[in-house]
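Q: Next one to model:
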Amino acid sequence: MHIGIDTRLPYYQMGGISQYTLHLLTALARLDAENQYTVFHMGKDGRCYTPFAPNFRRRDLFTPCHHRLEKWALGAELLPHRLDVLHSPDFIPPALGAKRFIITVHDLNFIYFPQFLTSASLHYYNDQIRWACDVAAHIAADSHATRHDLIERLNVPANKVTTIHLAANPLYAQAYTDEAVAATLAKHNLPRGFILFVGTLEPRKNAPTLLHAYARLRTMGVDAPLILVGGKGWIYDEIFATIAALGLSAHARHLSGVFDEELAHLYHAAGVLVTPSFYEGFGLPALEAQHCGCPVVVSRRGSLPEIVGPDGVMVDEPEDVAAWVDALYRVLTDSQLRAQMIANGYAQAQRFDWGQTALQTWQLYQET
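A: Numbering: from 1, shown residues only. Coordinates of the predicted model:
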């Protein structure tokens, strides 16, 4: 078969969907030496994400992601390639350009929490998601939670959606020396044992609730700093206003532009990773942290229970400040609980593997 994979998104942002696309490509190249793959890049992108394999080739496109005419312009560009299958990792396929379309749906955040998105993103996804689910030959969902949402909220037939879990960047499963971790801590002037939050600063991540919980923890004798790692998304001003209003400016810090290896070091040094999100389609930071031996506390929402497993520490209501205070205090002060969480988390993280992700995706290419 001739399989196309839309890899334009990394030109615009190297977020979770882009990371998924690139790791999937690498794993597919290891798995499949028979089918022909065309990896479609943005023509302006000087970087190359195409695996170095004889059955993979790069082709450049002009149609930008999320353009109002993308559905037709992208399809017209793809027609000459005579694709049997086009995989769209970013939800929305073109209207033409392949015999069959596979899409990956990462979450339905824009349906559950429209107030947390920009108007442009809301318009793009809301106007097209039902159409995309209809035209796709099959849908891959990042989690059982997202699969359930597709079936219940969009009435997608159950036999048309397959859960295919993602995995973490293999970099997080590597061993790191104490010297390497110490160097990163010195660079950012951090002690060990801090409270860590990783994610784009946007309303869905629920950082203000974490800040209120952190302020209470400080009154209980917890003096570990709170480190927020991630780029600024949208409607993030409330986060910094809350830091100022609670008098946390000397204790809560924001770090951006942190490379993956440095983030791995931070996971190794942190006392706990906290993910208080209202909704997550997959929740990569929790998985990354578990690989690095960092205890994780998450909200019991979306895919997060699948990521941390049945033994994970979860808070039922994301806005329950008292529950976050209780969970974080226990994790930070109970050494026996921490040791058990680290062991359980590491075992849970081994269940997610890019080879398995690629195999299940390859099976969709074959069967649909």
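Q: Which stretches in the stretch 251-368 of the chain count as helices?
A: Counting by DSSP state H, counting those that start in this stretch, the stretch 251-368 of the chain has helices at residues 260-269, 284-291, 304-308, 321-333, 335-349, 354-367.
Q: Pick the most deeply packed of the ones you listed.
A: Most buried of those, by mean neighbour count (mean count of other CB atoms under 10 Å): helix 284-291, with a mean of 26. Every C-beta, even on glycine, is put in place using the N, C-alpha and C of the backbone.
Q: How about the secondary structure of residue 39?
A: Under the three-state scheme (DSSP: H, G, I helix; E, B strand; the rest coil), residue 39 adopts strand.
Q: And for it, the neighbour number?
A: Using other CB atoms under 10 Å, residue 39 has 22 other residues around it.
Q: Between the helices of the stretch 251-368 of the chain, which one is closest to residue 59.
A: Closest approach to residue 59 among the helices of the stretch 251-368 of the chain is made by helix 354-367 (18.0 Å; CB to CB).
Q: next one: the closest one to chain centre, how far?
A: Put simply, helix 354-367 sits 19 Å off its chain's centre (CA atoms, centre = their mean, to the nearest Å).
Q: before we move on, what about stretch 147-156?
A: 20 Å.
Q: For it, buried residues please.
A: Burial within stretch 147-156, assessed by neighbour count using 16 or more other CB atoms under 10 Å, is assigned to 147, 149-150, 154, 156.
Q: Now for those residues: which two are most distant?
A: 147 and 154, at 11.0 Å, using CB to CB across the buried residues of stretch 147-156.
Q: still on that earlier bit, a markdown table for the helices of the stretch 251-368 of the chain, including mean pLDDT?
A: Output for the helices of the stretch 251-368 of the chain, formatted as a markdown table (pLDDT from 0 to 100):
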| stretch | mean pLDDT |
| --- | --- |
| helix 260-269 | 97 |
| helix 284-291 | 96 |
| helix 304-308 | 95 |
| helix 321-333 | 98 |
| helix 335-349 | 96 |
| helix 354-367 | 96 |
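Q: Now tabulate these in a markdown table and tack on distance to residue 137.
A: Putting those into a markdown table (distance: least, CB to CB, whole Å) gives the following:
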| stretch | distance to residue 137 |
| --- | --- |
| helix 260-269 | 34 |
| helix 284-291 | 27 |
| helix 304-308 | 25 |
| helix 321-333 | 43 |
| helix 335-349 | 32 |
| helix 354-367 | 8 |
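Q: which one of those helices lies closest to residue 39?
A: helix 354-367 (14.1 Å).
Q: can you pull the contacts of residue 70?
A: Listed by CB atoms under 8 Å, 6 or more residues apart in numbering, the contact partners of residue 70 are 63-64, 92, 94.
Q: repeat that with 7 Å
A: Residues near residue 70 by CB atoms under 7 Å, 6 or more residues apart in numbering: residue 63.
Q: Can you check the pLDDT for it?
A: Residue 70 carries a pLDDT score of 93 in this model.
Q: if we compare the helices of the stretch 251-368 of the chain, which one ends up closest to residue 131?
A: Residue 131 lies closest, by CB to CB, to one member of the helices of the stretch 251-368 of the chain: helix 354-367, at 19.7 Å.
Q: Just the CA coordinates for that closest one, please, in PDB.
A: Extracted in PDB, the C-alpha atoms of helix 354-367 (Å, rounded to 0.1, in the frame of the first residue of the first chain):
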ATOM      1  CA  TRP A 354       5.700   3.000  20.900                       C
ATOM      2  CA  GLY A 355       6.200  -0.400  19.300                       C
ATOM      3  CA  GLN A 356       2.800  -1.400  20.400                       C
ATOM      4  CA  THR A 357       1.300   1.900  19.300                       C
ATOM      5  CA  ALA A 358       2.800   1.500  15.900                       C
ATOM      6  CA  LEU A 359       1.600  -2.100  15.500                       C
ATOM      7  CA  GLN A 360      -2.000  -1.200  16.400                       C
ATOM      8  CA  THR A 361      -1.900   1.700  14.000                       C
ATOM      9  CA  TRP A 362      -0.400  -0.400  11.200                       C
ATOM     10  CA  GLN A 363      -3.200  -2.900  11.700                       C
ATOM     11  CA  LEU A 364      -5.700  -0.100  11.100                       C
ATOM     12  CA  TYR A 365      -3.900   0.800   7.800                       C
ATOM     13  CA  GLN A 366      -4.300  -2.900   6.800                       C
ATOM     14  CA  GLU A 367      -7.800  -3.600   7.900                       C
END
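Q: Quick one, grab the pLDDT at the spatially closest residue to residue 84 that is not a sequence neighbour.
A: Spatial nearest neighbour of residue 84, chain neighbours left out: residue 1 (4.3 Å); criterion: CB to CB, 6 or more residues apart in numbering. pLDDT, residue 1: 96.
Q: Could you check how far residue 1 is from residue 133?
A: Distance of residue 1 to residue 133, given as CB to CB, to the nearest Å: 23 Å.
Q: more neighbours, these two?
A: Per other CB under 10 Å, whichever of residue 1 and residue 133 has more neighbours is residue 133, with 19 against 14.
Q: list the contacts for the more buried one?
A: For residue 133, the contact set (CB under 7 Å, 6+ apart) comprises 139, 150, 154, 156.
Q: Quick one: those as TSV, columns for pLDDT and distance to residue 219 too.
A: Shown next, in TSV, are the contacts of residue 133 (pLDDT from 0 to 100; distance: CB to CB, whole Å):
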residue	pLDDT	distance to residue 219
139	98	48
150	96	43
154	94	45
156	97	48
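Q: Those residues in helices, which ones?
A: Judged by DSSP state H, these include 150, 154 as members of helices.
Q: what's the domain layout of this protein?
A: 2-167+353-367, 170-349 (automatic domain parsing).
Q: In three-state terms, label residue 54 for me.
A: Once three-state DSSP is applied, residue 54 turns out coil.
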